[in-house]
Structure formats: C-alpha cells, structure tokens
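Trainee: sequence and predicted structure below; questions after.
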Amino acid sequence: MSSFCTRALGSSVVAGSGLDVILYNNTSATPIWIDNPSINQVGDIKISSDGNYIISEDYHTIRFYHRSSSNRLWNYDAGESMWSLAISENGNYSVAGTASLTDTGKIIFFNKTDFLWEYQTNGYIEDVVISTDGNFIAGVSRDNYLYFLNKSGSSLWNGSLGVTEVCAATMTPDAEYIVASSDSNVYLFNSSITDPKLPLWSKNVGGWVNSLDITDNGEYIVSGGKNKKVHLFSKSSPEPIFEFSVESSIRSVAISPNGKYFAAATNDYIYLFHNETTTNSFYNRLILSENSGDSDREKNKSETISFGYYFLVLIIGAIFYLTIKTNKKKI
C-alpha cells in the first residue's frame, strides 16, 4: 500500500495500493469501489472530512472523485511530479505541491470542477496544507520559504526557514497558526499578527524533523524525526514541555484536536501518550507502546486507558497515513 487516508470521523477510508485507488467503508473489508487510473503508482491521497470527495496523484496527474462512483470528476496533468496533496473539509477546494526537474515547484489550487490557479516557487514543494474552509493555503518549499496564500492565489506573506532543507508543515483549521520544519528546526508562525512572516519562535531539536502536528486551537505542537525523539511544545515557548526518546527514527507524529493525546510512529512501534494539564501541575506519560500486538500499558488510570483505546483507532489511522506519506520516494 503506497498511501492511506481516513475521514475525520473514520467512517470512510481511501487507500492507494499500487496502481489502484480504493474506497472502503470502515465496517467492511470489501471495497465500495476500485479505480485503476494509470500505469503509474498512486502516491499521495486525501479524502475530505465529510467523506464525500477524494483527491489522488500518480506521477504527473491529479485525479478527483466523489465517493458515489469510481468515475473521476476530473483529471489534471501538472506536467511535473507531486509530493503532497491537501483538501478542505467539504471538498470544495484542494491543493497540490509539485517538484520539477529544474528544481522549481508549484502550488496548484483546484475547486470541485477543475484547476483554478498555480503559484510558482524557486524550489520543490515539500508539503502543502489547507484551512478547513479552503480560504488559506500554506506550502513549504526547498527554496527555504513558507508560502502563505489565499484562495485567490495571492501571496499574503512568505516566512524564511533558514538555509537548510525544509520538510514538513501543518496548521490549525482556521490557519491562524502554522508550523514548519527545516532540517532540525521547528518554526511557529501566527498569520494574524502585524508581521506574520517573522516566526513567534524557532527551536533546534537536534535532528532532522520528519513530521509535525498541531492542536485545533494551536496550543500544542508535536514533532518527531531522525534524532529518535518526540517533542511536545506549547505555543507560548520554544522550549519543549515534554521530550521522549525511542529506539529508532520517528517517521510520523499526530496529536488529538484537543491536545489530550498524541502519538508517534517508528518503522516498528506506535507510541501513544497522555497529555494532562491541571490547576497545579502538568504531566505527560506514555500509555501504550505497541509492536505486533505486544504492549506495555500503564493501568493505574482506567478512565485514561478506556478513552485511549477509543481514540487509538483514530490516531493510528492518522499515524499510518503520515508514515506512508513521509516514506514516499523523492525524486
């Protein structure tokens, strides 16, 4: 399987498996439909939060579906390779990031019916994200900038990410807070301040950052990467409020919308953490570390574990997709 995505409530799952785009309902292993769009392997794939619209890419071509049928609503030839896709909550808008043979890239924007515009950058687009309503787009480029655009294609501001290679981006649903990584550095931006191109803070975590995630309100940020460490930040400070070391490189991270749980995945393990703030204290703890069914669970708080099992279904879906995404072959 080359890529995987689930809608926010988990009732629909879409996968790219070899040459196939496959849509499932979460209650059955029998596909709702399968499309075999081309001779090229399916790369990135996304499904809207309402579960109705799907966007996929294979080599140069973007394909757009409604869940009711494997018949594509449209195809678009970008003319160059793509590394990242994103789609708004209701599927009204979607975005792709490309990489050309001349070391440039494009941010390409679509509605439900076709191409709307493209924005040229001086480096490959490593990652793109879109706000819930589709009004704002962010992309990180190998020219070491974070680009922040509106849905009309106008550049609102560009934030410098130093002089090292960028990797990942994420942002809050309302696009107020954007997080980006460049080599071993994590940057937090606020799009609502007077000079948003200057980060609120940056932090060198001591190793290449593969993956980032942020809570819906921007309060907590989680990162993970090649230094084999999970870092949890508050938006108020660049100093991690929690750090946890694992035995191998972290491929992906995810955090729940309210920040209560966060997770990390290596090639072999999934780690689930509980994040709790009280009036007088703040603590984090590992509540599950699992490999092929073997687990080490902390059992002294049954309410945490019971909720953890429920949430783990969602978090593993997000982690699995992010792992596949991070592991995509770069040109």
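Mentor: Everything's here; your move.
Trainee: what residues of stretch 78-86 count as buried?
Mentor: For stretch 78-86, the neighbour count (16 or more other Cβ atoms under 10 Å) marks 78, 80, 81, 82, 83, 84, 85, 86 as buried. Just so you know, the C-beta spots here come from the backbone N, C-alpha and C atoms, and that holds for glycine as well.
Trainee: may I have the host helix or strand of the fifth one exported as CSV, CA atoms only?
Mentor: This points to residue 83. Residue 83 belongs to strand 81-87 when assigned by DSSP states H and E. The C-alpha coordinates for strand 81-87 follow below in CSV (Å, rounded to 0.1, in the frame of the first residue of the first chain):
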residue,chain,number,x,y,z
SER,A,81,5.9,15.2,-10.1
MET,A,82,3.8,15.8,-7.0
TRP,A,83,4.8,15.2,-3.4
SER,A,84,1.8,16.5,-1.4
LEU,A,85,-1.9,17.0,-1.5
ALA,A,86,-4.5,18.6,0.8
ILE,A,87,-8.3,19.0,0.7
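Trainee: who does the next helix-or-strand element following it touch, helix- and strand-wise?
Mentor: Once the chain leaves strand 81-87, the next helix or strand it forms, by DSSP H and E, is strand 93-99. If you count contacts as 3 or more Cβ pairs under 8 Å, 6 or more residues apart in numbering; DSSP states H and E, strand 93-99 packs onto strand 53-58, strand 81-87, strand 105-111, strand 125-130, strand 136-141.
Trainee: which elements pack onto the helix or strand hosting residue 148?
Mentor: Per DSSP H and E: residue 148 is located in strand 145-150. Applying 3+ Cβ pairs under 8 Å, 6+ apart, one finds that strand 145-150 contacts strand 105-111, strand 115-121, strand 136-141, strand 155-160, strand 177-182, strand 185-190.
Trainee: among those, which is nearest residue 209?
Mentor: When the helices and strands packed on strand 145-150 are ranked by distance to residue 209, counting by Cβ to Cβ, first place goes to strand 177-182 at 3.7 Å.
Trainee: who's in contact with that closest one?
Mentor: Applying Cβ atoms under 8 Å, 6 or more residues apart in numbering, the contact partners of strand 177-182 are 129, 138, 140, 144, 146, 148, 159, 161-162, 164-172, 186-191, 209, 212, 214, 218, 221, 223, 225, 235.
Trainee: one more time with 7 Å
Mentor: Outside strand 177-182, the residues that touch it by Cβ atoms under 7 Å, 6 or more residues apart in numbering are 138, 140, 144, 146, 148, 161-162, 164-171, 186-191, 209, 212, 214, 218, 221, 223, 235.
Trainee: got it, and stretch 73-84?
Mentor: 43-44, 57, 59-66, 96-100, 108, 112-115, 124-128, 328, 331.
Trainee: stretch 238-248 too?
Mentor: Against stretch 238-248 from outside (Cβ under 7 Å, 6+ apart): 201-203, 228-234, 264, 266-269, 271, 282, 284, 286.
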